[in-house]
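Q: Here is the input, now give the coordinates:
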Amino acid sequence: MNLLIVAATQFEIEPFIQHKKKADILITGVGIPATVYYLTQKLLTGNYDLVIQAGIAGTFSERLNLGEVVAINKDTFADVGIEENGKLHTLFETGFLEKDAFPFTNGWLVNLQPVLEKTSLPLARGITVNKISDNDFQNKLMIEKFAADVESMEGAAFHYVCLQQKINFLQIRSISNTVGERDKSKWKLKTSIENLNKELIKIIDNL
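A: Okay, here's the model as predicted:
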């Protein structure tokens, strides 16, 4: 099986790289534009059976523990829209984009690939943002609008490209922090990266 492992930074998957599993590695850089560009470029020049994005994320949910690893079954671009009078309106709600226009399903980028069921990881709903914020009002808007479990800066871009290219994909995230908490002494960065890479290796061993 031809595998491609995608991460925003090498730091997040360094233990996997050191493990020397047989897979191509793509480090896109942080954020939506870099992910869309470099992943598209890679998929157009390579032939892969499965693409896995692995990274850390913040959580909105009290049911998820710091250091826990989840598989993202749906993601979306959360801050692409219009904010008026304390309300956030998506492009789907404003009529600029149809909610079921490919590759969206009811406004979400949904992973229905069989590989999702082959992991033992809990499923979670993700949102992707251009700006990480400690602003309580902004974060409450996101919670009210999307009822998301986790937040990243690349997940929806990854889903978008893979769905467009009709390729098997899987996004896994390890919870490093609570969304809005910018005091990194309260993060579980080391633990989350260790757990992320253990699960990534396990997934590949079980393919």
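
Q: tell me the phi and psi of the most far-flung residue of the chain relative to its centre?
A: Most distant from the centre of the chain: residue 85, at 29.2 Å, with distances by C-alpha atoms, centre = their mean. Main-chain dihedrals, residue 85, degrees, to the nearest 10: phi 50, psi 40.

Q: Just the pLDDT for it.
A: pLDDT recorded at residue 85 is 82.

Q: That one and residue 133, how far apart?
A: Going from residue 85 to residue 133 by C-beta to C-beta, to the nearest Å gives 19 Å. Backbone N, C-alpha and C define where each C-beta goes, glycine included.

Q: same check, this time on residue 151
A: Taking C-beta to C-beta, one finds residue 151 at 10 Å from residue 133.

Q: How many residues are close by the residue nearest to residue 21 when sequence neighbours are not counted?
A: Closest residue to residue 21 apart from its sequence neighbours, by C-beta to C-beta, 6 or more residues apart in numbering: residue 204 at 5.6 Å. Other residues within reach of residue 204 by the criterion other C-beta atoms under 10 Å amount to 18.

Q: name the element residue 204 belongs to?
A: Assigned by DSSP states H and E, residue 204 belongs to helix 189-205.

Q: what packs against that helix?
A: Contact here means 3 or more C-beta pairs under 8 Å, 6 or more residues apart in numbering; DSSP states H and E; on that basis helix 189-205 packs against helix 10-19, strand 50-59, strand 69-75, strand 169-178.

Q: Just list the residues touching the spatially most central residue of the chain, thanks.
A: In the chain, the centroid-proximal residue (C-alpha atoms, centre = their mean) is residue 155; its distance is 2.7 Å. Contacts of residue 155 were listed using C-beta atoms under 8 Å, 6 or more residues apart in numbering, and they are 53, 55, 57, 72, 75, 126-128, 171, 173.

Q: Please pull out the lowest mean pLDDT helix or strand from the protein.
A: Ranked by mean pLDDT, DSSP states H and E, the helix or strand of the chain with the weakest confidence is helix 136-146, at a mean of 78.
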